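> Got a predicted model here, sequence first, then my questions.
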Protein chains: 2
Amino acid sequence: MVHGGLYSTATARVLACLNEKELDHEFVPIDMRAGEHKKEPFISLNPFGQVPALEDGDLKLFESRAITRYITHNYADNGVQLIPHDPKKMAIVGVGMEVEAHHYDPPASKLTWELGVKPLMGMVADESIVKEQEAQLGKVLDVYESGLAHSKYLCGDTFTLADLHHLPTLDYLMNTRAKAVFDTRPHVSAWVADIMARPAWQKVVAMRNNH
Amino acid sequence: MVHGGLYSTATARVLACLNEKELDHEFVPIDMRAGEHKKEPFISLNPFGQVPALEDGDLKLFESRAITRYITHNYADNGVQLIPHDPKKMAIVGVGMEVEAHHYDPPASKLTWELGVKPLMGMVADESIVKEQEAQLGKVLDVYESGLAHSKYLCGDTFTLADLHHLPTLDYLMNTRAKAVFDTRPHVSAWVADIMARPAWQKVVAMRNNH
């Protein structure tokens, strides 16, 4: 059972993982505009008051990247194998996941907020933040571009959790002017098109659009 | 072989883990004042130009938390078991590690810079940043305080990688006025004293002090 918000990037990350693993799941919407994530009963699932949270039997988890790791590890035999068994290959995917969390996500999330969310709320993007974060994102994508010249995905020739973790912010940014930061890098651009077309991700998009 | 800087919190995180696992290792100092981390040969180990990096045979890794996970997983039978084998307990430790990285570390690292590093470099701390980050850290420690009232460590009654990841910033902050943010919370304060006293961590401190 996933508790979350359909417009939350962290929630979408978990749903994409469940779809890749072909795991049936119940979705419990949290009304974030009503502040439900800051109150009981949700706050008992995550004392930091952020979506999503997962309940799997008596196990209660939060933090999207911890949830996807658990799903991948505990349901290793279901669906797509998102983390290799070989310890060295697993370690390389681990590096890719840390790079996503600490290098890619900070500028990508700030740009998602400025260019993707603020306009939906009738607010105006802060141009100086956008410029700074586009420059920062560009530096990260330069490193990705070099790597993707040699392998189809970030951590080798198969799709892994390191790629998957990028999808929710990518999806927002492809509908903003920040798309140009990706489009100007051909290997990055091909990688974005490839991973966004995955049926597991398209199911998440359809769920949101049909809401 | 660990490439890093003795004053780098990320390097200290990896060294603490190697000591807990009782793994012999060679330390290769990177002269960060000379910018060695931004040049070859280091930049081939980490294209983002940040310490530390690990070489284990032909495997090359960077990002401290990916390195500690690899060490813990690949050398599961050495020294202290820092991640439980049981998938559900492992998942709980995974949440603790994400909380460290995304909630605790941002204010802790900013305070380490303002109060721990800037004075060493003859610079003055920015009082408004310090106040804001102390408040932010306090909120995270409130959640820790509630948890530590029920278990000795962050993810249960044994020391895990989730606790270990806090040590390098804790060590800096205990020598600054930010110590008060910890001291005013008794369970947090007892936890800090316990984990800092671990011989594996004291070996890292001694290595730095004897340099």
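On my side now, so go ahead. Numbers count the residues shown, from 1 in each chain, chains lettered A, B, ... in the order given.

> which strands and helices sit next to the helix or strand that contains A:M207?
Element membership of A:M207 [criterion: DSSP states H and E] is helix A:199-209. Packing contacts for helix A:199-209, counted by 3 or more Cβ pairs under 8 Å, 6 or more residues apart in numbering or on different chains; DSSP states H and E, involve helix A:9-20, helix A:167-173. Heads up, the C-betas are built off the backbone N, CA and C, glycines and all.

> mind listing what's buried in that helix?
For helix A:199-209, a neighbour-count test (16 or more other Cβ atoms under 10 Å in any protein chain shown) marks A:A200, A:W201, A:V204 as buried.

> quick one: average pLDDT of it?
Helix A:199-209 carries an average pLDDT of 95.

> Which one, of the helices and strands packed on helix A:199-209, ends up nearest to B:V95?
Taking Cβ to Cβ, helix A:9-20 is the member of the helices and strands packed on helix A:199-209 nearest to B:V95, at 12.9 Å.

> tell me which strands and helices the closest one is in contact with?
Judged by 3+ Cβ pairs under 8 Å, 6+ apart, the packing partners of helix A:9-20 are strand A:2-4, helix A:64-74, helix A:161-164, helix A:167-173, helix A:199-209.

> quick one: least confident helix or strand in chain A?
Taking mean pLDDT, DSSP states H and E as the measure, chain A has helix A:42-45 as its least confident helix or strand, at a mean of 93.

> which strands and helices sit next to that helix?
strand A:53-56.

> Does anything pack onto the next helix-or-strand element following the strand it packs on? Which helices or strands?
Toward the C-terminus, strand A:53-56 is succeeded by strand A:59-62 as the next helix or strand (DSSP H and E). Packing partners of strand A:59-62 (3+ Cβ pairs under 8 Å, 6+ apart): strand A:53-56, helix A:64-74, helix B:87-99.

> quick one, the helix ranked longest in chain A and helix A:87-99 angle?
In chain A, taking DSSP state H as the definition, the longest helix is helix A:127-148. If you take axes from the mean of the first three to the mean of the last three Cα atoms, to 10 degrees, helix A:127-148 sits at 160 degrees to helix A:87-99.

> and helix A:127-148, does that touch chain B?
Yes - for helix A:127-148, a contact with chain B is found by Cβ under 8 Å from any Cβ of the partner chain, at A:V143, A:S146.

> on that earlier part again, got the helices and strands packed on helix A:199-209 as TSV, with distance to B:V192, mean neighbour count and mean pLDDT columns?
Formatted as TSV, these follow (distance: least, Cβ to Cβ, whole Å; neighbours: other Cβ atoms under 10 Å in any protein chain shown; pLDDT from 0 to 100):
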stretch	distance to B:V192	mean neighbour count	mean pLDDT
helix A:9-20	29	25	98
helix A:167-173	35	23	97
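
> can I get these in TSV with distance to B:H103?
Output for those, formatted as TSV (distance: least, Cβ to Cβ, whole Å):
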stretch	distance to B:H103
helix A:9-20	13
helix A:167-173	19
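
> Between those, which one is closest to A:M196.
Judging these by Cβ to Cβ, what sits closest to A:M196 is helix A:167-173, at 6.4 Å.

> contacts for the closest one?
A:9-10, A:12-13, A:16, A:104-105, A:108-109, A:111-112, A:115-117, A:179, A:181-182, A:192, A:195-196, A:201, A:204-205 (Cβ atoms under 8 Å, 6 or more residues apart in numbering or on different chains).

> What of stretch A:182-189?
Counting by Cβ under 8 Å, 6+ apart, A:L141, A:D142, A:Y144, A:E145, A:L148, A:A149, A:L170, A:L173, A:M174, A:V192 sit against stretch A:182-189.

> which one of those residues is nearest chain B?
Ranked by distance to chain B (Cβ to the nearest Cβ), the contacts of stretch A:182-189 are led by A:D142 at 8.7 Å.

> List phi and psi for the residue lying closest to that closest one once chain neighbours are set aside.
In this structure, A:D142 finds its nearest non-sequential neighbour in A:R185, 7.4 Å apart by Cβ to Cβ, 6 or more residues apart in numbering or on different chains. Dihedral pair for A:R185: phi -120, psi 100, per degrees, to the nearest 10.

> So for stretch A:110-122, what gets flagged as buried?
Under 16+ other Cβ under 10 Å, the buried positions of stretch A:110-122 are A:K110, A:L111, A:T112, A:W113, A:E114, A:L115, A:G116.

> residues contacting A:V95?
Residues near A:V95 by Cβ under 8 Å, 6+ apart: A:C155, B:L61, B:F62, B:E63, B:A66.

> A:A135 versus that one, what's the distance?
24 Å (Cβ to Cβ, to the nearest Å).

> hang on, the earlier thing: pick the most deeply packed of the helices and strands packed on strand A:59-62.
Ranked by mean neighbour count under mean count of other Cβ atoms under 10 Å in any protein chain shown, these are led by helix A:64-74, which reaches a mean of 23.
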